[in-house]
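Student: Build me a model from this:
(2 chains)
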There are 2 protein chains.
Amino acid sequence: MDAYGNIDAYWRAANYLSVGQIYLMDNPLLTEPLSPEHVKPRLLGHWGTTPGLNFCFAHLNRIIRERGQDMIYIAGPGHGGPAAVAHAWLEGTYTERYPHVTQDAEGMRRLFRQFSFPGGIPSHVAPETPGSIHEGGELGYALSHAYGAAFDNPSLVVACVVGDGEAETGPLATGWHSNKFLNRDTDGVVLPILHLNGYKIANPAVLARIPEDELVKLFEGYGYRPHIVAGQEPAEMHELMAETLDTVFEQMADRGPLPMIILRTPKGWTGPREVDGLPVEGTWRAHQVPLTDVRNRPDRLEALEEWMRSYRPEELFDVDGRPVEIITRTVPDGPLRMSASPHANGGELLRPLVLPDFRDYAVEVKAPASASSEPTRVLGAFLRDVIAANPANFRLLGPDETASNRLSAVFEATDKEWEAALLPTDENLGPRGRVMEVLSEHQCQGWLEGYLLTGRHGLFNCYEAFIHIVDAMFNQHAKWLESSRKIPWRRPVASLNYLLSSHVWRQDHNGFSHQDPGFLDVVLNKKAEVVRVYLPPDANTLLSVADHCLRSRDYVNVVVAGKQPVLDLMSMDEAVVHCTRGLGILEWASTDAGAEPDVVLGCAGDVPTLETLAAAALLREHLPELRIRVINVVDLMRLQPASEHPHGMSDAEFDALFTTDKPIIFNFHGYPWLIHRLTYRRTGHDNLHVRGYKEEGTTTTPFDMAMLNDIDRFHLVMDVIDRVPGLGGRTAHLRQRMADARLRARAYTREFGEDPAEIRDWTWPY
Amino acid sequence: MDAYGNIDAYWRAANYLSVGQIYLMDNPLLTEPLSPEHVKPRLLGHWGTTPGLNFCFAHLNRIIRERGQDMIYIAGPGHGGPAAVAHAWLEGTYTERYPHVTQDAEGMRRLFRQFSFPGGIPSHVAPETPGSIHEGGELGYALSHAYGAAFDNPSLVVACVVGDGEAETGPLATGWHSNKFLNRDTDGVVLPILHLNGYKIANPAVLARIPEDELVKLFEGYGYRPHIVAGQEPAEMHELMAETLDTVFEQMADRGPLPMIILRTPKGWTGPREVDGLPVEGTWRAHQVPLTDVRNRPDRLEALEEWMRSYRPEELFDVDGRPVEIITRTVPDGPLRMSASPHANGGELLRPLVLPDFRDYAVEVKAPASASSEPTRVLGAFLRDVIAANPANFRLLGPDETASNRLSAVFEATDKEWEAALLPTDENLGPRGRVMEVLSEHQCQGWLEGYLLTGRHGLFNCYEAFIHIVDAMFNQHAKWLESSRKIPWRRPVASLNYLLSSHVWRQDHNGFSHQDPGFLDVVLNKKAEVVRVYLPPDANTLLSVADHCLRSRDYVNVVVAGKQPVLDLMSMDEAVVHCTRGLGILEWASTDAGAEPDVVLGCAGDVPTLETLAAAALLREHLPELRIRVINVVDLMRLQPASEHPHGMSDAEFDALFTTDKPIIFNFHGYPWLIHRLTYRRTGHDNLHVRGYKEEGTTTTPFDMAMLNDIDRFHLVMDVIDRVPGLGGRTAHLRQRMADARLRARAYTREFGEDPAEIRDWTWPY
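Tutor: Numbering: from 1, shown residues only, chains lettered A, B, ... in the order given. Predicted coordinates for the structure are as follows:
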C-alpha cells in the first residue's frame, strides 16, 4: 500500500464524496454523529459502478502526472455521476466552474446537497459535469464517443470505462471495431477499460459470466491486447492496476494491437457487505442505493455512518474540509486535470472552418426549371474543398453511402479512412482518410458526436429511412445541447449536420423498407432552440444551406436533399435570397401577378416541388384565368409561429404569403401531419390541405411512387379543382382528364417498366 | 463435382433464375439470342450477395433431405431477394402461393418480369417472399430474428446467413451473444453462416480484412466453434461445404459450443469477372447490377447472354421450362422445404394464448381516487399466470428492467433465462426461464419479432425514453405487418406488444436523459391499420388493456403505464366499459351534471390524469358554479376521425363529448402537438389547448416535473381561468393563489428535497 498510499487516499476521498452526495444534506465531514435530518428524504443515485470509476480515475491521474499525458475520461456507466463530480471537486475544477461550491466544508455540504436534489444537479454524468462529453443514461455509445474524441488529436489519450451492462448493447459491441479506423500517427489513442463488476440493474452481465479464455479471445479477436486486473483487496489491486497501466502506456507506443484493460471488481466495492443478512457488495443489490430507509431505521443510519467513516475522512480532509496535501499532490496541473481538459469543453478549442465560397460551385441557371442537376453531386465538389481546406478539423461520415449519395467528388481530395488490410483493387481507401465509412449508423453518429464535442466539425450523410437507427442518439445529443446552452462555461460547439439523401421518393431500387421520412417528426420534438430542418429543392439552394449549416453552432441541422437529377430552379443569387428568407413565392411559376390568388400551391422537398411545378404548368395551360401562387419552403421552421421557434414567421407574414381564406394545397416531402402540426395556429389552417408520404410504396418507378401517395401533378390539379370554390362544375372534364392521365401513366409503367418519357423529361414549358 | 453434381445443378439453376430476375422481361430460357427488348429498361437488384445465398440454400437442402431436418432460412443480406424467390420457385412453393407464376417457361417469364418491376414484387426479401420472416433492407437483425425463431422450437434449426456488411452493425455485433440465452433442450439451434464476400456497397467489410486468427478468436470469444469454408472453385467449394455441414450438424448434438460457419467467397461469384477492363467479380463493383446499360451496348448484351449461358440452362430446365429431375430430386418434401415452412408463416402455427380472467386480478375500488396501486405490479400477477398457463408459447422481454418496472410477480412462475455461469447468490435466474433480459433493446425487439413471426406471443417491457433505440426496428416490423395484411397466404400473427413503464413523468432518479415520450409520434406515422396506443390511467384499466392486446393479431400495441403508485379510478366493471369505449366522462369528477359544460378537461396518461383530477377538485372547491366535464382517454386513436383510423370517433361523437365551442384543456402524457395532430379536423379544435411534455426536466421530484412542464393542477386551474370567457376578472384572486401555490411547492421541494405531503398524498376529496 505504501507505494500507492496517496492513490488510495485519493480513492477513499472520492468514494467518501460519492457516498456523501447520494445520502447527505448536511454534516458533510461527520463532525457530529449522523442523525436522520442530515440524510436526504429521497435517496437517489447509483453507487454500484462508482468505486470502480473512482479507482480508474485515481490511477490515471498518476499516469498523467508522471508522463504529462493529455487525457480525457469517458465514463460509459455515466449513471455513476457522483464519481465524476467528486473528481472535479477534488481537482478544484468544480469550484472554478461553480464558485459557490467552494473546496471546503460549506462547499462540500453544497456539493452533497445539490446532487439529485430539486434545483440541484442531475444524478448522471451530464453537461453540467466538468470534464465530460458523455451523458450517462442511455447506454452503449462510450467507445464511439471515445474514438470520435481521439480522431485528429494525436497527443490525446481517451480513457474509456465501459460498463459490463452497457457492453451488451449493440452499439458498444460494434464500438470495439473502431480500432480499424484509428490512425496511430495522426489520431490519439483510446484506452478501453472494461469494468466487469458483474451485474446490471438486476441481472448478471454476460461478459462477466463467460469463461475467461473466451473473454480474452473475444478482445483479441476485436484486435486488442487485453490485460486483466482482478481482485478486491485494495492494496493488491492498486499495485496490479499501477503496473498494468505502466505496461499499457508502454504498449501504446509500439505498433502492436492497442492495449485494453479488463477490470474485475465487486459491484459497490467498499460499500456495505450485507444488509439485513443479504449480500450487497458484489451483487446487483449494490446497483443504486445499497442502504435505503436510512432516515427511519437507526440501524441503517448507523451502517451508513460506519460505511462513510470506513474511508477515514479525517485523514483526507482538514478541519476546514479542504483535501489534504497527500490528495492534492496526486492531482495533475491546470488543463491536464481530466475535469478541466479543454477537449471536454470542445468549444474552447473550436476553430471555425475555412470555407471556400459556396457560390463558386453554383450550377448556372439560364431559365428556371429548364435543366437538371444532381444536388448532392454538386455539393460533393464543395465538400471536397472543405475537406482540403480543413485538415484535421472536418470529417465526413456515412454508413457506406458517400458514393451512393453521389458525394464522390470528395475522393479527389481524400480517401476513406481504413487501417485494416489493403488490396491492389481498392479505391479511395487508406490511412488518413477524412471520410469515415462503416456500416453502422451508430458508429457514424457516435464518432461524430465525440468529434464535435471535442471541438471539431463534421457532416453525417445517410439514407433518410435508416437515420431512424440513431433516433435515440439524436435525442440524447439534442438534450445535451439543450442543457449546454444554459451552462455558461460550456462553449458553443459546431452543429451536428445531417444530410439525408436517398430519400423516400427515390427508392426505386429498394422499395418499402427504405421509405420513411419520419426522422423530421422525431427531430421536431426537441427544443426549438436546437433544431433546424432544411429541404432545399435544387442544387444551388443545397449549396447555400450547406454553407449556412457548416457555420452554425450548437444546433442539429437536418438537410434533406436528393441525389437524383432535379430541375435547377434558381440562380445562385436567387438561391441565397430564397434560403435567407427560408421560403418564398416562385413568381415565374405563379399566375397571381402580385394580386390575391385563387389558390396557393405550397411545396417543400425536391420531388414534391417538381410535382407542384408540373401541376402549376398544367393549371396555367388548362385554366389560364386561375390565379395561382406557388410557394416553396426551404426552412421548415419558418412555418411555425414566431412564439414557437426562433425562425418562425409572424402571423402577418404567414397570412400575407398563404392568405387567410384561400385554399392551400401543400405538397410535402414527409408525413403530411407534420405540416399541420407546424401550422395549426395559423388563421388559414382550415383551408390547408397537405399531401405527403402516407406509407404507400414498393419497388417501382419514381412517378408511380408519387401517384401511390397522391403527391403527383395530376392529383394536385384534381385537388385544386376540388377545393377552389366554383371550379367544380366547369372543370369536370379537366378533372377526368387528370384521372385518366394517372391511369395511363400507371399502365405505361406496368407495361414498359419505366415512367413515360414526357413525365421523366418534363421541364417548365416556356 | 460428381458427388455434388446435383447440388451444383441446383445452384446453377438458382443463379440463372437470379440473374434472369434482375435483367430479363422476356426470352427467359434464352431460346432465342438475347436482344435489347428482352432486357428491362431499369436494371435493379443486388447480384453481389446472391450466389452465396444460393450456395448455402442448395447445400442446406441436402441436409434437410438426408436428416429430415426441420429448418428455416434467414437471409441477413435480404437485398439478395432474387435468391429467395428463385428457391421458392424451384421448390414449387412460389407457384403454390402465386398460381399465375407457373413452374414452366411462361411462369419463369413472369417470375423474371415481376421482379423490381412496377406492379411486381420488391427487390428485397419481403413479406411477399415465401419462406421468409426477415425483411431485407435495414440491416443488423438477422441473428436476433434467428434466435427468436429458435426459442421454444426444439426441433428447429434456423440457418442464418449474416452478411459481412451487416456484421458491422451494432445489433448484429451483439446478436452473436444470443447463444447465452438459448437452451439446448427446449430451444432449437441457430446455425450462423457469416458470409465474407469481402465488400459492402462501396467498401471492404471489416471482418473480411482482419487477420484470420483474429477472426477465429473473435467467434471463439463469442462462444462458437467456427468452421471456415473458403475458396471459389465450385467443385472444391461444394465438397468443403458439404463436409463442413456434416461436421456442423454432428456438433450441434454434442454439448460443446454451437458451431458456426465462416463462408469466404468472391462477391458476385460466377458473375462477370471484368467489365470494361475493371475487375467486378470479387469486388464491390459486383454489389448491385454488374453489367449496366445492357439495352444500349451490344457488348454488354453479349456479356449478359454469355454469363447466363455459363450456367448451362439447357441442362437445368426442360424445353417447357420446368426444372429437370436432377434438380427436383434435391428439393425437400412438403413443409420441409424452407420456402414452405409453416414456421416462416407463423400464423399457420399460432395457438391462441390461454388467458386467465383478467378481472380476477382487479384492485378493489370502493370510491374513485381514494386509494393507490402500482399498475404494473398489479399487471405482474396477471402476467405471472399468463406465463404459467402458456409454456413454450409466451415470453416476456426487457432490457434488465422487468423488476424495475415492478413486474416481479412473474418470478413466482418462472426465471430469467440464463445459460451462462450461475452463482449461489443469483435469484430468479436459470435455464428455461420465460423472461428474457439483456441490456440491449435491439436484442429484445429482434428476439420478440422472430418469436412472433414464427407463431408465438410476447410482451416487451421497456423504459419509455429508450424504446426510441428500436424506432427503426419498429418501423420495419410495422411495414412488414402493413404488407402482410395484403398477402392472402400470410396468416395473422400475434401483435407486437410494448409496455412502456418508467415513463417521462416519473424519472425522479434519472432526469432529463430518461425523459422522452416521443415513441408515440413515431408509431403514429405508420398505417392506422396496424398501430394502437393505450394510456390506461390506473391498475384496472391496465389489466383490461393488457388482456385486449394479448388477444389481438397483426397490430403493434403500445401501452404506456406507470410503475409508481397512482390513484385507483375505476372498479373493474367500470374499467372494462371505459376501455371498450376507449374514452369517457369521469362523472364523479365532473360538475356539468349532464348539461353543457363551461369547460372540458381532457386527459390521457396516469400522471396527467391525476393532475387533471386535482385541478377539477380545486375548481369544484373554489368555483363551485363552474360546470366542468372531465374526460379521460385510454385509446388515443379514438381522437382521430373515423376516416383516419379504425378506432376513430365520428365527428358527432367527438362533438357531443368535447363540445364544439367550449374551451378544452387537454393534459397529455406526451408531446402536446400529438393531440393537435389527431384532432385538427374536429370542429372544436380551435378551442383546444394542450399541455404535455415540452422538453423540460431534470432529476427532481414528481410534482416539480409536472410544474416544469405546466401540466400541474395549479397551472391547469390557471389555464381554465384564462380560457373560460368571463372568468378572468372575478377570479384574479384565485389565479394568483394558484401561482403562489406553485411557487410555494417549488420552494418546499428545494428546501426539503421532496414534494409537500398534501400533494404527494392527495386523493379525491369526498
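
Student: Could I get the pLDDT score of whichever residue of the stretch 501-650 of chain A sits closest to chain B?
Tutor: Chain B sits closest to A:S513 of the stretch 501-650 of chain A, with a gap of 3.0 Å, by C-beta to the nearest C-beta. (Each C-beta comes from the backbone N, C-alpha and C, glycine too.) Here the pLDDT value assigned to A:S513 is 91.

Student: Let me see the contact set for the closest residue to A:N179 other than its chain neighbours.
Tutor: Distances taken as C-beta to C-beta, 6 or more residues apart in numbering or on different chains put A:G223 closest to A:N179, at 5.2 Å, once the chain neighbours are dropped. Counting by C-beta atoms under 8 Å, 6 or more residues apart in numbering or on different chains, A:G223 touches A:176-177, A:179-180, A:257-258, B:210, B:214.

Student: Filter those residues down to just the ones in helices.
Tutor: B:E214 (DSSP state H).

Student: Distance-wise, check the residue nearest to A:N179 relative to A:A420.
Tutor: As judged by C-beta to C-beta, to the nearest Å, A:G223 and A:A420 stand 9 Å apart.

Student: between the two, what contacts are shared?
Tutor: With C-beta under 8 Å, 6+ apart, A:G223 and A:A420 have common neighbours A:180, B:210.

Student: re earlier: if we ignore the residues flanking it in sequence, what's nearest the residue of the stretch 501-650 of chain A closest to chain B?
Tutor: B:G137 (3.0 Å).

Student: Quick one: residues contacting that neighbour.
Tutor: Contacts of B:G137 (C-beta under 8 Å, 6+ apart): A:510-511, A:513-514, B:78-79, B:124, B:476.

Student: one more time with 6 Å
Tutor: Shown in contact with B:G137 (C-beta atoms under 6 Å, 6 or more residues apart in numbering or on different chains): A:513-514, B:124.

Student: again, but for A:V470
Tutor: Contacts of A:V470 (C-beta under 6 Å, 6+ apart): A:441, A:445.

Student: for it, helix, strand, or coil?
Tutor: helix (DSSP: H, G, I helix; E, B strand; the rest coil).

Student: And it, how far from A:L407?
Tutor: A:V470 is 19 Å from A:L407, by C-beta to C-beta.

Student: swap in A:P36?
Tutor: 63 Å.

Student: More neighbours: which of these two?
Tutor: A:L407 (27 against 12; other C-beta atoms under 10 Å in any protein chain shown).

Student: The closest residue to that one other than its chain neighbours: neighbour count?
Tutor: Setting aside the residues directly before and after it, A:L407 is nearest to A:G380 in space (C-beta to C-beta, 6+ apart), at 4.0 Å. Per other C-beta under 10 Å, the neighbour tally for A:G380 reads 24.

Student: can I assume A:G380 sits in a helix?
Tutor: Yes - counting by three-state DSSP, A:G380 is part of a helix.

Student: okay, it: pLDDT?
Tutor: For A:G380, the predicted pLDDT is 97.

Student: and if you look at the one 10 residues further on?
Tutor: Here, the pLDDT recorded for A:N390 equals 98.

Student: Contacts only, for it.
Tutor: A:N390 neighbours (C-beta under 6 Å, 6+ apart): A:353-354.

Student: now with 8 Å?
Tutor: A:353-354, A:457.

Student: out of the residues you listed, which touch chain B?
Tutor: Restricting the contacts of A:N390 to those touching chain B (C-beta under 8 Å from any C-beta of the partner chain) yields no residues.

Student: how close does the residue of the stretch 1-150 of chain A found nearest chain B sit to A:K479?
Tutor: When distances are taken as C-beta to the nearest C-beta, the stretch 1-150 of chain A reaches nearest to chain B at A:G137, 3.0 Å away. Between A:G137 and A:K479 the distance is 9 Å, computed by C-beta to C-beta.

Student: Quick check: neighbours shared by the two?
Tutor: The contact lists of A:G137 and A:K479 share B:S513, where a contact means C-beta under 8 Å, 6+ apart.

Student: pLDDT wise, what is A:S404 at?
Tutor: 88.

Student: Confirm that it sits in a helix.
Tutor: No - judged by three-state DSSP, A:S404 forms no part of a helix; its state is coil.

Student: residue contacts, it?
Tutor: A:S404 touches A:502, A:563, B:201-202, counting by C-beta under 8 Å, 6+ apart.

Student: go again using 7 Å as the cut-off
Tutor: Applying C-beta atoms under 7 Å, 6 or more residues apart in numbering or on different chains, we find A:S404 in contact with A:502, B:201-202.

Student: Looks like the residue nearest to A:L407 contacts A:R406 (just checking).
Tutor: Yes - using C-beta atoms under 7 Å, A:G380 is in contact with A:R406, at 6.4 Å.

Student: tell me which parts of the stretch 401-550 of chain A are close to chain B?
Tutor: Residues of the stretch 401-550 of chain A lying near chain B by C-beta under 7 Å from any C-beta of the partner chain: A:401, A:403-404, A:416, A:420-421, A:425-426, A:437-440, A:442, A:466, A:468-469, A:471-472, A:475-476, A:479, A:482-483, A:508-514, A:516, A:518, A:521-522, A:525-527.

Student: For A:E66, report the pLDDT, please.
Tutor: 96.

Student: likewise A:D213?
Tutor: A:D213 is given a pLDDT of 97.

Student: Show me what the host helix or strand of A:Q443 is packed against.
Tutor: Using DSSP states H and E, A:Q443 maps to helix A:441-453. With contacts defined as 3 or more C-beta pairs under 7 Å, 6 or more residues apart in numbering or on different chains; DSSP states H and E, the packing partners of helix A:441-453 are helix A:142-150, helix A:170-175, strand A:394-398, strand A:457-463, helix A:471-484, strand A:496-501.

Student: Just list the residues touching the residue of the stretch 251-400 of chain A found nearest chain B, thanks.
Tutor: Nearest residue of the stretch 251-400 of chain A to chain B (C-beta to the nearest C-beta) works out as A:D400 at 4.4 Å. Contacts for A:D400 (C-beta under 7 Å, 6+ apart) come out as A:437, A:439, B:165, B:200-203.

Student: ok, A:W11 to A:V19 distance?
Tutor: On the measure of C-beta to C-beta, A:W11 and A:V19 end up 13 Å apart.

Student: now swap in A:R359 and tell me
Tutor: 60 Å.

Student: So those two - more neighbours on which side?
Tutor: More crowded of A:R359 and A:V19, by other C-beta under 10 Å: A:V19, with 26 against 15.

Student: Find the nearest non-adjacent residue to the more buried one, please.
Tutor: A:M308 (5.5 Å).

Student: Make sure the one you found is indeed in a helix.
Tutor: Yes - counting by three-state DSSP, A:M308 is located in a helix.

Student: and it, how many residues sit next to it?
Tutor: 20.

Student: Show the contacting residues for it.
Tutor: Counting by C-beta under 7 Å, 6+ apart, A:M308 has contacts A:16, A:19-20, A:30.

Student: Select from the residues you listed every entry located in strands.
Tutor: Residues from these lying in strands, with DSSP state E as the criterion: none.

Student: Distance to B:L626 and pLDDT added to those residues, as JSON lines?
Tutor: Listed next are the contacts of A:M308 as JSON lines, based on distance: C-beta to C-beta, whole Å; pLDDT from 0 to 100:
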{"residue": "A:Y16", "distance to B:L626": "56", "pLDDT": "98"}
{"residue": "A:V19", "distance to B:L626": "52", "pLDDT": "98"}
{"residue": "A:G20", "distance to B:L626": "50", "pLDDT": "98"}
{"residue": "A:L30", "distance to B:L626": "55", "pLDDT": "98"}
